[in-house]
Each structure stands twice: as structure tokens, then as C-alpha cells.
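Colleague: I need the structure of the sequence given here:
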Amino acid sequence: MTALASPAVALPAARRSRAGVVALAAFAAVPAVLALWTALRAPRAHVLLDYWHVLAKITDDQGHLVLGQVLTYHLDQPFVIPSLLFYADAAWFGGDNRVLTVLTVALVAGIGACLYSMLPASLSPQRKAALAAGMSWLLFSSHLAEIWLQGTNGISWIPAVFFSVLAAAQAHRGRVWTAAVAALLASLSFGAGLPAFFLVAAIFLLRRENRTKTIATAAAGTIVMAGWLLTKPSGAQSLATTALDPDGRLSVAAAALGSLWTGDQAAIAVLAGALTTALLTACAIAATTDPRAAGWIGIAGYAAALAVLVALGRTSNLAPGGNIGLISRYAIVSALALTALLVLATLVRPQWPLTAVVIGVCAISLTTHALGGTKADLTRRGYAPLALAPIALRTESAGVLDQLHIQPQVIPAATALGAYPFNPRFTLGCHGPELGATINTDTATDLPAAHGGLTSTGSALITGWTDLHPDCVLVTDSANVVIGGGITGLPSPAPGIPDGNAWQATARPGAGPVTVYALQNNRLYRLHEAAPSSG
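Modeller: Next up is the predicted model:
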């Protein structure tokens, strides 16, 4: 007779199993909490031109929504859902960027939930927990800092990806109508949602569903794609090359698929993308007959389609790092590809020990997240000078708005809606003087040239540096009335100016001669033209 395991032995094993699942769940929560923390601490102001461009396009001067304009293209792509979300943010939430960054985090969590729902029931709870942890670390990667910091980029991209993944999850269960509705919403969101119907059709084909389902969804995808191609404006998207450039486009596609493996090195991203593609292809071929893998092969194909769309529509010689595939928001492509690879590899190699799966997932999660620190830092440095946008909008500084590519025509609508910075929450950050206030300059100290000064006093943008690390910069007219302000702690714009010492300011046009002050701990320092610091 076979001896039965005693309860005394079985109970600790069960407890260890539950403890392992709980530990992996806690591990999975870490990147989500970090992303949410970043989103909550993001600036209140929208600083990216797309938000203001879309808001200007879809509203009249009284702030009313113009529905016909919502149906027009943005960057030559459908933009219905993001346009409505931008308007809702401006009209109902005071134009607060943080509303959209938090919504972006929620949508990414939704993507993770959809992917988790596709895991086969045959997997043990421990393997599911390990794969869920991997999904979380990849989807909430530090590489995606761009979408946690500015909701404009997050809401431009993530709704299309969310609805596409939702469509895949529904197709994975054979649910044609809910999959079709999700695919339609994806198609109305952005170019990233245009392949959604084909994604659903591919999953139905792999699942050997009723042929009518497959043909109908493929036909819907063809209609959507043909309609877009026939109605989109001619010409290239912003700064994108019009050359054939097959090598450059292949490089961009590969980099997008492998971008989680480097912060700023295009060659590493291309190699990682090529390896990811090869492994995904091998796993997909091995799992083609397994219905449990249908949705995951679809997700892998969707990631590849996104990479191709980025390569076709955004390849540019002017991209940072020389490869547009390294841009922060496109890391979602690599995250989806790597997530699909983890799951497919687990299905193809069920004999892998649980310990090996957990160690592998943790290693990949922590390594990719650590590598994203460089990209996150580059993103923050790139966004820092854009923080002048709310001051430029409030002062109607057309010259600075032009440099930021923000249309002054949005000001009447934004004012009518009470969108930041056109509401009482606007501040210069001085903890005291605001626009229109008169300040007492009798106690102001002339700042010695060795500690900072003005480096540019153009009619619109005023720049300089100081090692005081002031709370803010104020610009006054000849009557000591505050007519402008600035931002401090900027990255070095030139040799000789240490990082964090630069500042930029702007003021209401036509005010005549102006004076610039740095305010630190309620003390005013008058700035004069000076040479850059040698420190």
C-alpha cells in the first residue's frame, strides 16, 4: 500500500505555497505603486503641445465642444477617445495633468488585468503569480516614465492599447461581440488601435473558431484600415522621414521591441528586439496547436504590428539617440512582447521547475526596471524647460508659446473652461507674490555676478543662472508690478553652468523695460547681465 502524506507534512507545504503566492503578489504591487506615486506627484500643468492643440481644435472660444472636430484626425490618426478625455479633463477637472496621469496608470492596470485573465487555468497558482509579477514589472516599467509624468502622452497612446488588449482577451474566450466592440473603441482611439480587428481575427483563427467569426472580424479590420488610408491627410507625420529607408525602419521596429533592455543605446535595443522576435517566433510555432496559447500569440503579433507602425509612421533622423524606437512611451511595445514571450515560454516548456520560473521572472523584472532609470532621467530633463508653458499661457507670451509650439488660439477656450493655468490654482511658485502684485524692491539685494545673472534678455524668453537655488523667478515692470515669472532648477543649457542652476522666465509682452528678481526664503535678489559660472 502507498503511504499517505500526513497532515503534519502536507499543511506546512500548503502554507508555503500560499506564502509564495502572497510574496509574489506583493512583489507585483511594487512597480504599480511606484508608477501611481509618480503620477500623483506629476506637475499640475499640461506642458505638451498636443494637449493644447487638440483642445484648441475641438472647442470654440466659449469652451463648447465641437463634435465634428472630435472626429478629425490628429497626427493623421483617429483620436476620438483621447480628444474626449482631454476635453473632460479641461471642463470637469480644471485641466489638471494629474487626472490624466492617474487615469493612464489605471488603464495600464487594466491591460495587466486583461492579460492575467488570459492565463490558462491549467497553470498552478504559483506559476500564475510569478507571471503576473512579471507582467506588472514590465507594464509599469520605469522606461514608461513619460506617460506617468505627462498625461497627454499616456492618454494619446494607452487607451488604444488597452482596448486592443481587451479585444484580444475577449477573443481568447471566443466572445465575438465584446471583442468587436473593444476593437472598434481601439480603432477610434489612435493608430495603435488600428490592428485590433486583425488581432481578434488572428486569435479566432488560432482557436479554430467558427469561420464566420474570423472572416467577419478580418473584414471589419480591412474596412477600418482602408477607410483610414483613404481619408488620412497626405504627407509624413511630424518630423518623420518620407524616404523609403528600409534599414532605418527595420532598426526602429527592432528597437521598439527591445527597448526595455537599454536606457539610451540603440544598438542594444535593436539586438534585444531581434532576439525577442526570434524567441517569440519559435515559441509561437511550437504552441500553434495549443488553444491556450492563441491569445498570447495574438499579443505577440500585436506588439510586432505596433513596432511596424512606429517604424512606418515615426522614423526620423532627428530622434533622440538616433532611433525613435527608444522614446519612452514606445516601451509599451517591448513590454507586451516580453510579456507574451514569458507566457509562451512557460506553456511550451511546462517541465521548467517553478523555482527557475520565479528566479527568471524576478531577474528580468528587476533588470529591465533598473535599466529604465536612464530613460526616466532623460525624460525628466527633457520635460523640465517645458514647465514654462503655464506662465507663458497666463502672460500670453506669444514668442515663448511659439517656441513651445503651443497655439495662442487655445487661450479663450481654456479661460472659459477654467483649465489650469486659467483658474485660481495657478501660482508662480513663490509662496507669496503672484501676477499683478506690486512688490517692495527697496530691500532687494543686487546679486553678485559670481552667483548668477542674466544670459539672455530676448523680447519673449529670458534666461539665466544662479547658484542660490531660488524658490522662483519674478519679472517686474518699471512700476514694480509682477508681469511674469519663471522656472528654476533647470538642466545646464551651456558649458560653465552647473546642472540645476539654470532658469528661464517670460513676461507679458509690451511692458517695456523689465527687471528680473530671484526670490529665496522671502528675500529678493536683483539679477543683472553676467557671464556663466565657471563652477
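Colleague: mind listing the helices for the stretch 251-400 of the chain?
Modeller: In order along the chain, the stretch 251-400 of the chain carries the following helices (DSSP state H, counting those that start in this stretch): 266-287, 294-314, 331-348, 354-383, 389-395, 398-403.
Colleague: wait, which of those helices is closest to C472?
Modeller: Between C472 and those, the shortest gap by CB to CB is with helix 389-395, which sits at 10.0 Å. Just so you know, the C-beta spots here come from the backbone N, C-alpha and C atoms, and that holds for glycine as well.
Colleague: just to revisit the earlier point, looking at the helices of the stretch 251-400 of the chain, which is closest to G496?
Modeller: Each of these was scored for nearness to G496 using CB to CB, and the closest is helix 354-383 (18.0 Å).
Colleague: what mean pLDDT would you report for that closest one?
Modeller: When pLDDT is averaged over helix 354-383, the result is 94.
Colleague: Please apply the same query to stretch 216-226.
Modeller: When the per-residue pLDDT values of stretch 216-226 are averaged, the result is 96.
Colleague: any weak-confidence spans in this protein?
Modeller: Counting by pLDDT under 70, the chain shows low-confidence ranges at 1-11, 13-14, 235-243, 318-321, 459, 530-535.
Colleague: How far does the top helix by length along it sit from its chain's centre?
Modeller: For the chain, the helix that runs over the most residues, judged by DSSP state H, is helix 7-40. Here the centre of helix 7-40 is set off from its chain's centre by 27 Å, with CA atoms, centre = their mean, to the nearest Å.
Colleague: what's the answer for stretch 416-436, then?
Modeller: Relative to the centre of its chain, stretch 416-436 is centred 26 Å away, using CA atoms, centre = their mean.
Colleague: try stretch 248-259
Modeller: Shown here is stretch 248-259, whose average C-alpha point lies 18 Å from the average C-alpha point of the whole chain (CA atoms, centre = their mean).
Colleague: Please apply the same query to stretch 392-403.
Modeller: Using CA atoms, centre = their mean, the distance from the centre of stretch 392-403 to the centre of the chain it belongs to is 25 Å.
Colleague: if we look at that stretch, which residues are touching it?
Modeller: Stretch 392-403 is touched from outside by 52, 388-389, 391, 404, 406-408, 411, 414, 421-422, 426, 435, 458-461, 483-484, 506-509, with contacts defined as CB atoms under 8 Å, 6 or more residues apart in numbering.
Colleague: Of these, which belong to strands?
Modeller: The members of those that map onto strands under DSSP state E are 483-484, 506-507.
Colleague: among those, who's most crowded?
Modeller: For the ones in strands among the contacts of stretch 392-403, neighbours were counted by other CB atoms under 10 Å; the highest total belongs to T506, with 30 neighbours.
Colleague: I figured K232 hits P78, correct?
Modeller: No: using CB atoms under 8 Å, K232 is not in contact with P78, being 9.1 Å away.
Colleague: picking up where we left off before, generate a PyMOL selection restricted to the buried entries among the contacts of stretch 392-403.
Modeller: To isolate the buried subset of these in PyMOL, counting by 16 or more other CB atoms under 10 Å, use the following:
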select buried, resi 52+388+389+391+404+406+411+414+421+422+426+435+460+461+483+484+506+507+508
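Colleague: any idea how far R98 is from the residue most central in space within the chain?
Modeller: A centroid search over the chain (CA atoms, centre = their mean) returns I147, at 2.2 Å, as the residue closest to the centre. Between I147 and R98 the distance, using CB to CB, to the nearest Å, works out to 13 Å.
Colleague: How is the protein divided into domains?
Modeller: The record, using the TED database to delimit domains, assigns the chain the ranges 32-385, 427-527.
Colleague: Same list (these) but as TSV, adding distance to A26.
Modeller: TSV is the format used below for these (distance: least, CB to CB, whole Å):
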stretch	distance to A26
domain 32-385	9
domain 427-527	35
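Colleague: Most tightly packed of those domains?
Modeller: Using mean count of other CB atoms under 10 Å, the stretch among the domains of the chain with the largest mean neighbour count is domain 32-385, at a mean of 20.
Colleague: Please give me every residue in contact with the residue nearest to V270 when sequence neighbours are not counted.
Modeller: For V270, the nearest residue in space outside its immediate sequence neighbours is A254; the separation is 4.4 Å by CB to CB, 6 or more residues apart in numbering. With contacts defined as CB under 8 Å, 6+ apart, the neighbours of A254 are 269-271, 273-274, 277, 307, 325.
Colleague: Just send those residues back as JSON lines, with distance to A218 too.
Modeller: Formatted as JSON lines, the contacts of A254 follow (distance: CB to CB, whole Å):
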{"residue": "A269", "distance to A218": "32"}
{"residue": "V270", "distance to A218": "31"}
{"residue": "L271", "distance to A218": "34"}
{"residue": "G273", "distance to A218": "27"}
{"residue": "A274", "distance to A218": "29"}
{"residue": "T277", "distance to A218": "24"}
{"residue": "A307", "distance to A218": "21"}
{"residue": "G325", "distance to A218": "28"}
